[in-house]
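1. after the sequence you'll find the predicted model.
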Amino acid sequence: MPESITLYSAKICPYAHRAEIALAEAKAPHKRFEIDLSNKPEWYAPKVNPASKVPAIAYGGPDVAPDAPSPESTKIAESLVLVELVGDLYPASGIVPADPIARAQARFFIEGVSTKFVPHWYAYQMRNGALDDVWKGVEYVQSLLPPTGFATGEYSMADIAITPFLARARLSLLNSIGTFQPDEAKTVWATLTDKNGKYARFAQYIDDLFARESFKATFDEAFVTEAFQKRIGAMLAKK
Ligand SMILES: N[C@@H](CCC(=O)N[C@@H](CS)C(=O)NCC(=O)O)C(=O)O
């Protein structure tokens, strides 16, 4: 029986969202504490995560309030580490595939998402990066997908790794939050979700990811849209 889990998270953060989806998938009892990234509590870095980032988990230890973390709990950070931790604590969730080959495929998929999709998406959104690079990333991820179902067949950590980025890409493109032109942004999302187009398999995959209960239960689209408009708007205004 796993010990107590306290998740330090932020609704806007795609990395933190990975940990939230994993906990929801596993139906893992936990406490959740929202960290305001623009005004982080002074105890957060010294007592929970020296890198001062979300997500982080305090595991085990005495039953304390999240804003008074105990030195006796184990503190662990990094979204992908946390997703695997939840999967290992709750093996029946299938988050970490039991089959070694499926597990390796899931890790390979995550590697592709982290190196070939996320950096190009961020460059496009935040720094006028090349749209072509985003398409290359999508094409690569699409090439890893089986004909139907999730990244390795059954839903797993591979799917958890990409979902928060697609959800935020969607709202950023549809609300033109980024360094792109509004018309182009809307066309990009339409192309990505066109079931008869070049990315038809990817479009079906997006539908399947967004239909997952663990995603729906952990994504506050209205909140994230408004927060993105403020935070990313301010970041871009500084440039
Ligand atoms: N590699 C980390 C990245 C986490 C990360 O960058 N989190 C951001 C928010 S999305 C953060 O906490 N940044 C610190 C800050 O904004 O002060 C992970 O996968 O967990």
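-> Thanks, I have it.
2. rest of the way, CA atoms for contacts and neighbours
-> Will do.
3. helix or strand for Leu37, which one?
-> Here Leu37, judged by DSSP states H and E, is contained in no helix and no strand.
4. that one and Ala10 touch, don't they?
-> Yes: shown here, Leu37 and Ala10 form a contact pair, counting by C-alpha atoms under 8 Å, at 7.2 Å.
5. show me what counts as buried in stretch 41-57.
-> With burial defined by 16 or more other C-alpha atoms under 10 Å, the residues of stretch 41-57 counted as buried are Tyr44, Lys47, Val48, Asn49, Ser52, Lys53, Val54, Pro55, Ala56, Ile57.
6. now do the helices in this protein.
-> For the chain, the helices defined by DSSP state H occupy 14-25, 44-47, 79-89, 100-112, 118-127, 131-144, 157-174, 182-192, 200-211, 213-216, 221-238.
7. most packed of those?
-> Ranked by mean neighbour count under mean count of other C-alpha atoms under 10 Å, the helices of the chain are led by helix 14-25, which reaches a mean of 26.
8. tell me, how many residues neighbour Thr148?
-> The number of residues packed near Thr148 is 12, by other C-alpha atoms under 10 Å.
9. hang on, the earlier thing: dump the helices of the chain to a markdown table, plus mean pLDDT and distance to the ligand.
-> Output for the helices of the chain, formatted as a markdown table (pLDDT from 0 to 100; distance: least, C-alpha to the nearest ligand atom, whole Å):
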| stretch | mean pLDDT | distance to the ligand |
| --- | --- | --- |
| helix 14-25 | 98 | 5 |
| helix 44-47 | 98 | 10 |
| helix 79-89 | 98 | 4 |
| helix 100-112 | 98 | 11 |
| helix 118-127 | 97 | 11 |
| helix 131-144 | 98 | 19 |
| helix 157-174 | 98 | 9 |
| helix 182-192 | 95 | 22 |
| helix 200-211 | 98 | 19 |
| helix 213-216 | 98 | 17 |
| helix 221-238 | 90 | 10 |
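10. which one of these lies nearest to Val64?
-> Minimum separation from Val64 across these (C-alpha to C-alpha) falls at helix 44-47, 13.1 Å.
11. quick check: the residue of the chain most remote from its centre vs Thr193, distance?
-> What lies farthest from the middle of the chain is Pro62; by C-alpha atoms, centre = their mean that is 29.0 Å. Using C-alpha to C-alpha, to the nearest Å, one gets 47 Å for the distance from Pro62 to Thr193.
12. with Lys230 instead?
-> Distance from Lys230 to Thr193, by C-alpha to C-alpha: 27 Å.
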